[in-house]
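Asks: with the sequence up front, the predicted model follows.
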Amino acid sequence: MLKAGGHGRLVNVSSEGGSLASMGAGAPAYSTSKATLNALTCVLAAELHGAGVLVNAVCPGWVATDMGGPGGRPVAQGAAGIVWAATLADDGPTGGFFRDGKRLPW
């Protein structure tokens, strides 16, 4: 439907824990599931290239939520990067991995 509409933003909420460049020990199910989501981001960006749909993955960072626990970033700060990706201009990036609007290594 996004492709048919000729305009859209697909934002996958990922984690730096899914980055092959920084992946380490601990939480293997979580890390590999986020790595899979990152791979899906690349595939969908390629599939939708030229269709007006931008596809990106965003890591909100460690956020102080029920899951993240105390001590993390405020929710609004973590959500800001997701909003940034959802509201990109038509000439914005696609097929990338970001936190706070800055590119992260896959």
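Replies: Perfect, I can see it now. Numbering: from 1, shown residues only.
Asks: where is the longest helix in the chain?
Replies: Counting residues, the longest helix found in the chain (DSSP state H) is helix 28-47.
Asks: name the helices or strands packed onto it?
Replies: Counting contacts by 3 or more CB pairs under 8 Å, 6 or more residues apart in numbering; DSSP states H and E, the secondary-structure elements packed against helix 28-47 are strand 8-13, strand 53-58. C-beta coordinates here come from the backbone N, C-alpha and C atoms, glycine included.
Asks: any buried residues in the first one, and which?
Replies: Neighbour-count burial for strand 8-13, with 16 or more other CB atoms under 10 Å as criterion, is recorded at G8, R9, L10, V11, N12.
Asks: of all these, which two lie farthest apart?
Replies: Greatest spatial distance in these: G8 and N12, 13.3 Å, computed using CB to CB.
Asks: circling back to that earlier point, tabulate the CA atom coordinates of the longest helix of the chain in PDB.
Replies: What follows is the C-alpha trace of helix 28-47 in PDB, where atoms were taken according to Å, rounded to 0.1, in the frame of the first residue of the first chain:
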ATOM      1  CA  PRO A  28      21.600 -13.700  22.000                       C
ATOM      2  CA  ALA A  29      17.900 -13.900  21.100                       C
ATOM      3  CA  TYR A  30      17.500 -10.100  21.400                       C
ATOM      4  CA  SER A  31      20.700  -9.300  19.400                       C
ATOM      5  CA  THR A  32      20.000 -11.700  16.600                       C
ATOM      6  CA  SER A  33      16.300 -10.700  16.300                       C
ATOM      7  CA  LYS A  34      17.400  -7.000  16.000                       C
ATOM      8  CA  ALA A  35      20.100  -8.000  13.400                       C
ATOM      9  CA  THR A  36      17.400  -9.800  11.400                       C
ATOM     10  CA  LEU A  37      15.300  -6.600  11.600                       C
ATOM     11  CA  ASN A  38      18.200  -4.600  10.400                       C
ATOM     12  CA  ALA A  39      18.700  -7.000   7.500                       C
ATOM     13  CA  LEU A  40      15.000  -6.700   6.700                       C
ATOM     14  CA  THR A  41      15.400  -2.900   6.600                       C
ATOM     15  CA  CYS A  42      18.100  -3.200   3.900                       C
ATOM     16  CA  VAL A  43      16.000  -5.600   1.900                       C
ATOM     17  CA  LEU A  44      12.800  -3.500   2.000                       C
ATOM     18  CA  ALA A  45      14.800  -0.300   1.200                       C
ATOM     19  CA  ALA A  46      16.100  -2.000  -1.900                       C
ATOM     20  CA  GLU A  47      12.600  -3.300  -2.800                       C
END
